[in-house]
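# fold the following.
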Amino acid sequence: MKKTLFILFIMPLILFGQQKPTLLQKIKTAAVNELKIKLNDPKSYEPASWGELKEQQTSFGDTERFISMVNEISELSRKLDNEIAYIKKEEQKKDFKEFFTHDPPNDSLINLAKQSKVKFEFSLDSTRQTITRESKTFQPIFKNYYIEHSFRSRNAYNGLILVTYFFRLSKEFNVIEFGNIEKL
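Sure thing, here's the model as predicted:
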């Protein structure tokens with residue numbers, strides 16, 4: 001009877017008392033396991049502190065669309081610079097010619113400069129509006145988890161050192177990248 005009561009009360013405690021590891025615990029475990037594989041002396045590992053867990057996501061600035069629009073703006077700017085350089089060159093030729101021939105000023109160069117400026121401003125405005133519109137509707141996507149960890153361990157010279165490493169982990173808690181925070 002006592003055994004039956006003992007089993008009835010203790011077994012549920014054992015079965016239900018075990019909690020599933022939290023997200024933070026899973027990440028810490030994966031990071032420590034990776035460290036212990038890579039350290040010179042894994043037995044000397046002593047945890048010191050953990051930083052805040054951050055979930056990193058893509059931003060609109062990371063997308064190919066945004067990068068192509070920035071390249072488009074750069075290309076428009078380059079074209080405008082080329083046109084301005086051409087106009088200045090022609091203006092210098094005109095000034096030199098006027099000095100000797102006393103011809104009236106050529107307004108076509110001024111009109112060309114105005115047209116170039118208007119085209120550039122229109123294209124730039126259009127691209128800016130597209131960036132604004134698309135950035136408002138952009139849905140970020142999970143990239144990785146990020147955490148920093150300070151710990152002590154022995155280096156190659158058998159000296160006990162304190163270092164801080166960063167870890168980037170996938171959704172499946174695989175370490176994607178890690179290293180000394182000072183080298184970031």
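
# any regions of the protein where pLDDT drops low?
Within the chain, the ranges that satisfy pLDDT under 70 run 1-18, 94-110, 184.

# same thing but at 80, please
Screening the chain residue by residue with the criterion pLDDT under 80, one finds the ranges 1-19, 84, 87-88, 90-117, 183-184.

# all helices of it, in order?
With DSSP state H applied, the chain shows helices at 2-17, 23-38, 64-101, 107-137, listed in chain order.

# can you redo the ones you listed as CSV with mean neighbour count and distance to Ser170?
Every residue, glycine included, has its C-beta placed from N, CA and C. CSV is the format used below for the helices of the chain (neighbours: other C-beta atoms under 10 Å; distance: least, C-beta to C-beta, whole Å):
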stretch, mean neighbour count, distance to Ser170
helix 2-17, 9, 30
helix 23-38, 15, 9
helix 64-101, 12, 22
helix 107-137, 13, 26
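
# in a markdown table, list those helices along with distance to Leu162.
Written out in a markdown table, the entries for the helices of the chain read as follows (distance: least, C-beta to C-beta, whole Å):
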| stretch | distance to Leu162 |
| --- | --- |
| helix 2-17 | 36 |
| helix 23-38 | 14 |
| helix 64-101 | 40 |
| helix 107-137 | 42 |
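
# compare these and give me the one nearest Arg152.
Shortest separation from Arg152 across those is recorded for helix 23-38, at 11.5 Å, computed as C-beta to C-beta.

# can you list contacts of stretch 71-90?
With C-beta atoms under 8 Å, 6 or more residues apart in numbering as the contact definition, stretch 71-90 has outside contacts at 109, 112-113, 116-117, 120, 123-124, 127.

# nearest to Ser68, of those residues?
Thr127 (10.1 Å).

# state the distance from that closest one to Glu55.
31 Å (C-beta to C-beta, to the nearest Å).

# what is the most widely separated pair among the contacts of stretch 71-90?
Maximum pairwise distance among those (C-beta to C-beta): 27.1 Å, between Leu109 and Thr127.

# all set, thanks.
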